[in-house]
Every structure is written in structure tokens, then in C-alpha cells.
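**Student:** sequence-free structure coming up:
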């Protein structure tokens with residue numbers, strides 16, 4: 001029942017009863033007879049008032065129940081909407097195996113929301129980027145080291161026993177170092193005295209030199225001259241020429257090389273002739289093929305046992321590597 005109409009209904013009934021009572025009184029009936037309608041009116045009014053109050057209470061309870069039910073329905077709808085929203089974003093992230101993310105099943109909206117969250121996190125915590133880079137570098141270094149071990153193992157015979165590369169130091173040494181050199185390489189020149197110091201001070205290292213001319217015509221001529229000297233005059237003459245070429249300031253022109261050979265008491269003509277031989281060309285070609293197999297594209301490059309080192313390493317670093325190979329540290 002509409003609460004706004006209850007007072008009107010009460011007023012209407014009450015007014016009607018009062019008119020009946022008044023009409024009865026005016027009709028001339030005695031007092032007792034007149035009082036009867038009045039009493040009836042009062043009783044009717046009381047009954048109507050009680051009925052109205054009951055109706056009001058019932059209406060108020062209905063309104064309260066309806067309001068409470070509506071509030072509960074709204075809360076359930078909001079909760080269901082939130083759950084659906086969370087699930088719509090999270091579901092593709094945890095689909096499949098536990099701990100994995102299925103980005104392929106993301107909707108464009110989910111992908112955009114996820115990207116925004118990642119970007120906000122990185123902007124708030126930029127140090128995470130550097131930490132991730134450091135971890136990536138460590139993993140790549142570990143992977144490269146293992147890859148190098150595999151390469152050395154696969155090409156061990158060509159690395160350590162090719163039959164033509166010069167062998168120095170202690171031929172029976174417990175550690176073998178192989179160096180790929182280019183006489184015009186600045187870092188090869190820098191490394192040369194430190195390699196010499198390591199070999200001399202240690203006394204138990206076998207050194208193999210690989211002629212790897214990659215810096216132009218001057219590099220090629222220098223290697224041809226060194227290899228030809230070994231073919232003509234032997235290992236000792238090769239070592240002397242090797243040291244002279246690595247320290248040479250000018251270009252290895254024919255007059256310069258001729259003067260060098262004459263000073264060392266070598267047969268200049270025989271060396272020049274041998275420089276153009278197939279043997280010299282084959283040795284350089286084989287070394288280049290080996291370097292390619294080992295993924296070496298620069299000098300100096302080293303093989304310490306099974307470990308490859310690309311680039312210059314100072315004396316202390318080489319000593320540490322040799323110590324690690326022996327298990328001293």
C-alpha cells in the first residue's frame with residue numbers, strides 16, 4: 001500500500017463516522033442512545049488507526065526488505081564483474097603448464113593492459129633492467145664458453161697437431177697455448193712480450209703459433225716471409241724472424257725483408273722463392289679455414305687447453321688461466 005495515501009484513508013473514515021454521530025444526536029434520541037453511536041465511532045476510529053499503523057509497519061518492512069535485496073544484488077553484480085575482469089586478464093597468463101604465460105591467447109585489451117603494467121613496473125624499478133642485462137650477459141658468456149669447448153674438441157687435431165705450425169716453449173709442457181697472430185696487429189704486438197714472459201717464467205708451457213694474416217697485403221707478405229724462412233732455414237730462424245717482424249716499424253717491403261734476412265745470415269733468394277710456393281699458400285689457407293671453424297675473426301686469439309680467449313689478455317690474466325687449467329686455484 002502507498003504510504004502517502006494512508007493518512008487520507010484514515011481521515012475519510014473518521015469524518016464519515018463523525019457525521020453519523022452528529023446526525024444521530026440531532027434526531028432527538030436520549031443520551032444513552034446517542035452515546036452508543038459515539039462509542040461506536042470511537043471504537044471504529046481506534047480499530048482503523050490500529051489497522052493503519054499495522055499497514056504502515058508492513059509497508060516499512062517491505063521497503064526495507066526490498067532495499068536490502070537490491071543492495072545485495074548490486075554487491076553481487078559488482079563482485080562478479082570484478083572477478084570476471086581479473087579472470088579475463090589472468091586466464092591467458094596462467095594457461096597451460098603452471099608458472100607459464102600464454103601470451104598468444106591474450107586479447108588486444110589484455111595485451112595492452114599487461115604491457116602498461118610491465119612498463120610501469122620498469123619505470124618504477126629501473127634497476128631491474130640492469131640486473132636482467134647482467135644475467136643475460138652471464139648466460140651468454142657461459143653458453144659461449146661451452147660452445148668454445150665444443151669447437152676446440154671438434155677441431156683438436158688441427159689446432160694442436162697440424163704438422164706445420166711452429167712449436168716453442170716446452171714441447172712436453174703440461175699446458176698448451178695456441179696463438180693466432182697477425183704481424184700488423186697492434187694488440188698482437190702488445191701481447192708478444194707478455195706471452196714471452198709467461199713462457200719463459202713458467203717453463204712448462206707449450207706454445208703454438210698460427211700465422212693468420214687478416215689485415216691486408218702487408219700482413220700477408222709478413223706471414224709468407226716467416227713461413228718461407230721456416231721452410232728454408234728451420235725453426236730457430238723462424239723464431240728470430242717472427243720476433244723481428246712483430247717489432248717491425250715500417251712496411252715489410254722487399255728491400256726491408258732482404259736486409260732482415262741478410263742480417264740474420266739467411267738465404268734471401270731461397271726465402272723469396274719459397275714465399276710464392278704452394279706450401280706457404282696451403283699453410284695460410286688451412287689456418288684460415290681452422291679460424292673460421294673456430295669462429296675466430298680477430299687477432300690475437302688464443303686457445304688455452306680447451307678454453308678459447310678472443311682478444312688481448314695481459315700477463316696476469318694469462319697466468320690465472322694457466323693456473324685454473326692446472327687446478328692450482
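**Tutor:** Thanks, I have the structure now. Since the model is a prediction, treat every value here as computed from it, not as a measurement.

**Student:** drop to CA atoms for contacts and neighbour counts, all remaining ones
**Tutor:** Noted.

**Student:** partner residues bridging the residue lying closest to residue 210 once chain neighbours are set aside?
**Tutor:** Nearest residue to residue 210, sequence neighbours excluded (C-alpha to C-alpha, 6 or more residues apart in numbering): residue 180, at 4.6 Å. For residue 180, the beta-bridge partners are residue 210, residue 301 (DSSP bridges).

**Student:** what's the burial count for residue 180?
**Tutor:** 24 (other C-alpha atoms under 10 Å).

**Student:** go on, residue 182?
**Tutor:** The burial count for residue 182: 28, using other C-alpha under 10 Å.

**Student:** quick one, what contacts it?
**Tutor:** The contact partners of residue 182, by C-alpha atoms under 8 Å, 6 or more residues apart in numbering, come to 188, 211, 212, 213, 214, 215, 219, 223, 299, 300.

**Student:** what sits against the fifth one?
**Tutor:** Residues near residue 214 by C-alpha under 8 Å, 6+ apart: 182, 220, 298.

**Student:** and the contacts of whatever helix or strand residue 208 lives in?
**Tutor:** Residue 208 belongs to strand 205-211 when assigned by DSSP states H and E. Strand 205-211 has contacts (C-alpha under 8 Å, 6+ apart) with 160, 165-182, 199, 223, 284, 287.

**Student:** re earlier: quick one: which of the contacts of residue 214 sit in helices?
**Tutor:** Per DSSP state H, helices hold the following members of these: residue 220.

**Student:** any idea which of the contacts of residue 214 is closest to residue 125?
**Tutor:** Distance to residue 125 across the contacts of residue 214 (C-alpha to C-alpha) is lowest for residue 298, with 38.7 Å.

**Student:** pull the number of nearby residues for residue 109.
**Tutor:** 11.

**Student:** can you tell me which helices and strands the helix or strand harbouring it packs against?
**Tutor:** Following DSSP H and E, one finds residue 109 within helix 108-124. Judged by 3 or more C-alpha pairs under 8 Å, 6 or more residues apart in numbering; DSSP states H and E, helix 108-124 has no packing partners among the helices and strands.

**Student:** so which bits of that helix are buried?
**Tutor:** 110, 111, 114 (16 or more other C-alpha atoms under 10 Å).

**Student:** switch those over to CSV; also include distance to residue 139.
**Tutor:** Listed next are those as CSV, based on distance: C-alpha to C-alpha, whole Å:
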residue, distance to residue 139
110, 31
111, 28
114, 27
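
**Student:** ok, so of these, who is nearest residue 123?
**Tutor:** Nearest member of these to residue 123, counting by C-alpha to C-alpha, is residue 114, at 14.3 Å.

**Student:** quick one: the closest one and residue 102, what's the gap?
**Tutor:** 12 Å (C-alpha to C-alpha, to the nearest Å).

**Student:** try residue 208
**Tutor:** Residue 208 is 53 Å from residue 102, by C-alpha to C-alpha.

**Student:** looking at those two, which one has more neighbours?
**Tutor:** residue 208 (22 against 14).

**Student:** and the strands in the stretch 151-300 of the chain?
**Tutor:** Ranges of strands within the stretch 151-300 of the chain are 166-169, 175-181, 205-211, based on DSSP state E, counting those that start in this stretch.

**Student:** adding distance to residue 317 and mean pLDDT, write these out as JSON lines.
**Tutor:** Shown next, in JSON lines, are the strands of the stretch 151-300 of the chain (distance: least, C-alpha to C-alpha, whole Å; pLDDT from 0 to 100):
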{"stretch": "strand 166-169", "distance to residue 317": "19", "mean pLDDT": "96"}
{"stretch": "strand 175-181", "distance to residue 317": "13", "mean pLDDT": "97"}
{"stretch": "strand 205-211", "distance to residue 317": "15", "mean pLDDT": "98"}
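
**Student:** select, out of those, the one closest to residue 320.
**Tutor:** Among the strands of the stretch 151-300 of the chain, strand 175-181 sits nearest to residue 320 (C-alpha to C-alpha), with 12.6 Å.

**Student:** low pLDDT regions in this structure?
**Tutor:** Within the chain, the stretches with pLDDT under 70 are 1-101, 329.

**Student:** show me the helices in it, by range?
**Tutor:** 6-26, 31-94, 108-124, 127-154, 156-160, 186-202, 217-233, 235-247, 254-263, 268-275, 278-293, 315-326.

**Student:** domain parsing for this structure?
**Tutor:** As given by automatic domain parsing, the domain ranges for the chain are 3-85, 156-326.
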